[in-house]
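# sequence first, predicted model second:
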Amino acid sequence: MTSQSDDFESVVKVKREEAIAEFHDDHKGFVKKLQHALHVTPSLVPLIVLVLSIGVFGALLGEKFFSASSMTLVLQQVQLVGIVAAAQSLIILTAGIDLSVGAIMVMSSVVMGQFTFRYGIPVEVSVACGLIVGTALGAVNGWLVAKMKLPPFIVTLGTWQIILAANFLYSANETIRSQDIRDNAPLLQVFGTTFKIGADEAGQGGATLTVGVIFMLVLVAVLAYVLRQTAFGRHIYAVGDDPEAAKLSGVNVDRVLIAVYALTGLICAFAGWALIGRIGSVSPTSGQEANIQSITAVVIGGISLFGGRGSIMGALFGAMIVGVFTLGLRLAGADAQWTYLFIGALIIAAVAVDQWIRKVSA
């Protein structure tokens with residue numbers, strides 16, 4: 001009897017261990033699948049956070065928050081950050097960083113305004129000059145990084161200060177008034193033009209959008225296509241993932257880096273044009289926090305600071321998350337400092353998730 005009892009207990013013990021092992025394998029399998037899914041689709045996390053934040057604030061505030069007007073207001077508030085974040089994303093995908101994006105944006109807007117009003121140059125030519133200046137400044141950053149082999153952080157920290165100083169010296173800290181622009185060069189304010197979608201016959205209700213919002217959405221869509229469907233986009237990911245391996249596979253790493261920084265400068269110049277439309281005037285003191293805000297949007301958007309992984313859509317979602325928290329907390333009557341607290345927590349959480357996801361390829 002004792003022998004049979006021992007055999008029975010042994011069988012039960014083995015079955016229990018097998019069941020526990022199977023449970024752990026299933027659990028581990030689910031975690032691995034989730035980890036792999038997030039690795040393949042890095043914009044999934046910020047999208048989930050965005051949907052949840054909209055749902056939470058919508059449940060707490062009701063129609064005051066969850067309405068077409070409020071949602072489009074978020075888009076209007078984040079249009080500048082979204083455009084600059086799209087530019088910043090390209091740099092970070094190459095494992096770099098650009099602290100000068102805000103300064104390039106403001107400098108381009110100042111050139112557009114000063115060329116028009118100080119020198120009497122036709123506004124179309126002035127805008128083109130502003131776009132060229134932004135592209136050239138970005139190309140200088142790229143040349144210093146690619147050819148001189150200087151760290152992107154140090155390069156753009158230096159050019160940020162230089163461009164900022166040049167901006168104030170050139171403009172003499174002069175602001176061109178909104179009324180003057182409206183009367184003499186309305187093209188400079190074109191990104192601020194508003195139009196309604198879904199309004200009734202009396203023009204009430206519906207969603208209010210601006211040309212700047214449409215430009216931001218189109219820009220993100222175009223860059224998403226370029227990054228995923230073109231050789232240039234694949235080269236950007238390759239350079240960010242492993243520049244030495246990319247060089248061995250035939251990618252001209254230096255040319256890619258210079259092109260990316262130049263394209264970033266061009267996009268920031270367009271952001272400068274949009275800045276004039278957003279605030280109505282040309283001010284050398286505006287947009288000073290665009291560099292930090294763009295990095296925040298990119299990090300929350302799931303783009304890896306180590307380069308080579310991420311989606312441009314994630315940067316848009318990251319900018320919108322910041323906009324949703326800002327508007328939601330404001331409508332709830334909360335202190336503005338709570339916004340910084342939540343955004344700071346999201347930044348740390350995003351970097352932690354990125355490190356966890358990177359273990360898939362480790």
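Structure's in. What do you need? Numbering: from 1, shown residues only.

# confirm Thr208 sits in a strand?
Yes - the assignment for Thr208, made by DSSP: H, G, I helix; E, B strand; the rest coil, places it in a strand.

# that one - how many residues pack around it?
18 (other Cβ atoms under 10 Å). C-beta here means a position set from N, CA and C on the backbone, and glycine is covered the same way.

# looking at it, it is touching Thr72, isn't it?
Yes - with contact defined as Cβ atoms under 8 Å, Thr208 counts as touching Thr72 (5.5 Å).

# quick check: what element follows the helix or strand hosting Leu60 along the chain?
Assessed by DSSP states H and E, Leu60 sits inside helix 44-61. Proceeding N to C from helix 44-61, the next assigned helix or strand is helix 68-93, under DSSP H and E.

# and the pLDDT for Arg358?
pLDDT, Arg358: 67.

# which residues of the stretch 101-250 of the chain fall in helices?
101-117, 123-146, 152-171, 178-184, 211-229, 231-241, 243-248 (DSSP state H, counting those that start in this stretch).

# before we move on, the earlier item: got the buried residues for the helix holding Leu60?
Leu44, Val45, Pro46, Leu47, Val49, Leu50, Ser53, Ile54, Phe57, Gly58, Leu61 (16 or more other Cβ atoms under 10 Å).

# distance from the chain centre to it, please.
Computed by Cα atoms, centre = their mean, to the nearest Å, the chain-centroid distance of helix 44-61 equals 18 Å.

# closest to Leu331 out of the helices of the stretch 101-250 of the chain?
Nearest to Leu331, of all these, is helix 211-229, at 20.0 Å by Cβ to Cβ.

# any weak-confidence spans in this structure?
Residue ranges of the chain with pLDDT under 70: 1-28, 30-31, 34-35, 37-39, 199-205, 358-362.

# change it to 80
1-43, 63, 66-68, 198-207, 288, 354-362 (pLDDT under 80).

# just say which of the helices of the stretch 101-250 of the chain is most tucked in.
Ranked by mean neighbour count, the helices of the stretch 101-250 of the chain are led by helix 101-117 with a mean of 27 (mean count of other Cβ atoms under 10 Å).

# just want the angle from that helix to helix 152-171.
Comparing the axes of helix 101-117 and helix 152-171 via axes from the mean of the first three to the mean of the last three Cα atoms, to 10 degrees yields an angle of 20 degrees.

# which secondary structure elements does helix 101-117 sit against?
For helix 101-117, the packing partners by 3 or more Cβ pairs under 8 Å, 6 or more residues apart in numbering; DSSP states H and E come out as helix 68-93, helix 123-146, helix 152-171, helix 178-184, helix 253-279, helix 290-300.

# what's the closest of those helices to Ile321?
When the helices and strands packed on helix 101-117 are compared by Cβ to Cβ, helix 290-300 sits nearest Ile321, at 5.7 Å.
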